[in-house]
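> Test case, fold it:
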Amino acid sequence: MAVDAVNAVIDIEAGDIEPPPAFGTRIHADFIHGLGKVNGKFVIVLDVQRVLDVKEFNDAVAAVDGNSVPPAELERE
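Down below sits the predicted model:
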């Protein structure tokens, strides 16, 4: 995985993570583990296993905008 930047790496207690809210159709809450509360602010806690599942991610993107990565591209990942 490549990222542009990392602002912080923090530990969040399990009790400070709430279930993901129901978002609109453009955001897939399937990839969100929950919302963590840190210093009075909420941060999105991703479900890393699902985010890194290339096929599942590709299927979700295709469901929203009709675009998908060709199967040959997925095999190279």
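
> all contacts plus neighbour counts: C-alpha atoms, from now on.
Fine.

> which helix of this protein spans the most residues?
When the chain is parsed with DSSP state H, its longest helix is helix 54-65.

> residue ranges of the helices in this structure, please?
For the chain, helices defined by DSSP H occupy the ranges 48-51, 54-65, 71-76.

> now for the longest one, which elements pack on it?
Using 3 or more C-alpha pairs under 8 Å, 6 or more residues apart in numbering; DSSP states H and E as the contact criterion, the secondary-structure elements in contact with helix 54-65 are helix 48-51.

> what's the least confident stretch among the helices of the chain?
With a mean of 51, helix 71-76 has the lowest mean pLDDT of the helices of the chain.

> low-scoring stretches of the protein, by residue?
Residues of the chain meeting the criterion pLDDT under 70: 1, 23-28, 65-77.

> check contacts around Pro20.
Ala29, Ile32, His33, Gly34, Leu35 (C-alpha atoms under 8 Å, 6 or more residues apart in numbering).

> does the first one really touch Leu35, like I thought?
No: under the criterion of C-alpha atoms under 8 Å, Ala29 is not in contact with Leu35, lying 10.7 Å apart.

> distance of Ile44 from Asn7?
Distance, Ile44 to Asn7, by C-alpha to C-alpha, to the nearest Å: 13 Å.

> what about those two, which has more around it?
Per other C-alpha atoms under 10 Å, whichever of Ile44 and Asn7 has more neighbours is Ile44, with 14 against 5.

> Contacts only, for that one.
With C-alpha under 8 Å, 6+ apart, Ile44 has these contacts: Ile32, His33, Gly34, Leu35, Gly36.

> and what of Gly36?
Ile12, Asp16, Ile17, Glu18, Phe42, Val43, Ile44, Val45.

> what's the closest non-adjacent residue to the residue most central in space within the chain?
Residue closest to the mean C-alpha point of the chain, counted by C-alpha atoms, centre = their mean, is Phe31 at 3.9 Å. Take Phe31 and drop its neighbours on the chain: the residue closest to it by C-alpha to C-alpha, 6 or more residues apart in numbering is Asp47, 5.3 Å away.
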